[in-house]
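Novice: Output the structure for:
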Amino acid sequence: MPYRKILVIKTRAIGDTVIWTSALAALRKAYPEAEIHALTYGMNRDILLNSLLIDKLHLVDAKSKTDFVKKLWQLRKEKFDLLLGFHVSGSLCKFAWLTGAKEIVLHHHSLQRTPFLSSKKVPHAGELEDAITRDYRVLEAIGLPATKHELTQIDLKSEEKEFAQKLTREKIIAAGGDPDKKRFVFLPGASYSLKIYPKDLWVQTVKKIRDEGVFQPLVLCDQKLSKEWNMPALCKELGVPLIDDVSLRQFISLISTGAITLSNDSSPGHISVALDVRTHFLFGPACIGDWFCYDPNRHTYHRVDVPCRIQGPRDREQFQFCTVTECSHHSCMRKIDLSGIKAW
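Specialist: Take a look at the predicted model:
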């Protein structure tokens, strides 16, 4: 069917939104003339800003279900031919009809069936699959193939790239580094503390890359972690440049200057992949089955099997995970040895 106006919805975290761009790229490729609107949380604005994959971006407050329901009703005036709900919430399962879309396709990750309001059946509902494949199941429901995955992408303007190159060059020179070397970008932050590679091991890895002299190290992190770890003093002692005081959009552009990144299992890593930068992921409590959905020849993950990762199926180690909020040993991260890390 030649859909002319499509609404896509995914109200998840920043990393999930970056992952979503693979399915959006496939949708755009299949319907290049369609007008595609995207609805997501306000915190995801900078991921889809100036995206070539959508025509219009609609934002809602992540903390307000009322705001979400109101937005669905307001979008009714757009007269969508199709609504595609990716990794949907319970609220969308109940209120998707408010948009008045002629066809509705919904995929709820934890349900073993297609939600009631969905016009079409989503294949493999409830199965354990990586996050990109789950998004493609929604496209499969409208007849698009799920075999070949498009690359994730974040679109930057030329002036954003120029800003990033200028700022990183200034910071590297100020730290006594070489701005003309390829950059090894360290992304030590994560929204969940147990996903963060321990500070002492992180410092060891920075020193290794610095001392090898092949790459110019560069540290990018948020203000919260910078304060907790006293990053300005630490990076000064290490002799490596630090940038910790930029907006999310600027942070994204700065990552694009790297030749390679080292990231925790968090949104900066997914952003790095979407910018086509080679990426090392460090996995602790979460499962790689869900969140490492990339070509291992281009990107890689570091993860060790630990007995305390007890949630998930016992016969599928890649889908095992841990949900503790405090941990005295942090074995899943502390056992990761990066002494032999390769930069390709």
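
Novice: Show me where the stretch 201-344 of the chain has its strands.
Specialist: Secondary structure of the stretch 201-344 of the chain, counting by DSSP state E, counting those that start in this stretch: strands at 216-220, 242-243, 260-264, 278-282, 300-302.

Novice: So for Asp130, which of those sits nearest?
Specialist: Of all the strands of the stretch 201-344 of the chain, it is strand 300-302 that lies closest to Asp130, at 12.0 Å by Cβ to Cβ. All C-beta spots, glycine's among them, are computed from the backbone N, C-alpha and C.

Novice: In this structure Thr300 contacts Val273, no?
Specialist: No - in this structure Thr300 lies outside contact range of Val273 using Cβ atoms under 8 Å: 11.1 Å.

Novice: any common contacting residues for those two?
Specialist: Jointly contacting Thr300 and Val273 under the rule Cβ atoms under 8 Å, 6 or more residues apart in numbering are Thr279.

Novice: Compare those two (neighbour count), which wins?
Specialist: Comparing Thr300 with Val273 by other Cβ atoms under 10 Å, the one with more neighbours is Val273, at 28 against 16.

Novice: Tell me which residues touch that one, please.
Specialist: Per Cβ under 8 Å, 6+ apart, neighbours of Val273: 18, 152, 279, 294, 299.

Novice: Any figure for the gap between it and His109?
Specialist: As judged by Cβ to Cβ, to the nearest Å, Val273 and His109 stand 21 Å apart.

Novice: And for Ser191?
Specialist: From Ser191 across to His109, the span is 19 Å (Cβ to Cβ).

Novice: Which one's more surrounded, those two?
Specialist: Ranked by neighbour count (other Cβ under 10 Å), Ser191 and His109 place His109 first, with 17 against 14.

Novice: got a list of what the more buried one touches?
Specialist: His109 neighbours (Cβ under 8 Å, 6+ apart): 87, 126, 134.

Novice: Lys335: which of these is nearest?
Specialist: Using Cβ to Cβ, those come closest to Lys335 at Arg134, 29.2 Å.

Novice: what sits against the closest one?
Specialist: Applying Cβ under 8 Å, 6+ apart to Arg134 gives the contacts 86-87, 107, 109.

Novice: can we see that at 7 Å?
Specialist: 87, 107, 109 (Cβ atoms under 7 Å, 6 or more residues apart in numbering).

Novice: just to revisit the earlier point, any chance of the contacts of Val273 in CSV, plus neighbour count?
Specialist: Shown next, in CSV, are the contacts of Val273 (neighbours: other Cβ atoms under 10 Å):
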residue, neighbour count
Val18, 26
Thr152, 23
Thr279, 26
Tyr294, 22
His299, 20
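
Novice: Let's test this: mean pLDDT of stretch 174-181, rounded?
Specialist: Averaged over stretch 174-181, pLDDT sits at 97.

Novice: Could you check how far the residue of the chain positioned farthest from its centre is from Arg314?
Specialist: When distances are taken from the C-alpha mean of the chain, Gly176 lies farthest, 32.2 Å away, according to Cα atoms, centre = their mean. From Gly176 over to Arg314 the distance is 51 Å, taken as Cβ to Cβ.

Novice: which regions of the stretch 101-250 of the chain lie under the pLDDT threshold?
Specialist: The model of the stretch 101-250 of the chain has no residue with pLDDT under 70.

Novice: That one: helices as residue ranges?
Specialist: Counting by DSSP state H, counting those that start in this stretch, the stretch 101-250 of the chain has these helices, from start to end: 131-140, 158-174, 199-212, 223-228, 231-238, 248-255.

Novice: Tabulate those helices (JSON lines), appending distance to Lys79.
Specialist: Formatted as JSON lines, those follow (distance: least, Cβ to Cβ, whole Å):
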{"stretch": "helix 131-140", "distance to Lys79": "21"}
{"stretch": "helix 158-174", "distance to Lys79": "34"}
{"stretch": "helix 199-212", "distance to Lys79": "51"}
{"stretch": "helix 223-228", "distance to Lys79": "43"}
{"stretch": "helix 231-238", "distance to Lys79": "50"}
{"stretch": "helix 248-255", "distance to Lys79": "32"}
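
Novice: Of those helices, which is nearest Tyr41?
Specialist: Nearest to Tyr41, of all the helices of the stretch 101-250 of the chain, is helix 248-255, at 12.6 Å by Cβ to Cβ.

Novice: So which elements touch the closest one?
Specialist: helix 45-48, helix 158-174, strand 216-220, helix 267-274 (3 or more Cβ pairs under 7 Å, 6 or more residues apart in numbering; DSSP states H and E).

Novice: follow-up on the earlier one: closest to Phe186 out of the contacts of Val273?
Specialist: Ranked by distance to Phe186 (Cβ to Cβ), these are led by Thr279 at 11.8 Å.
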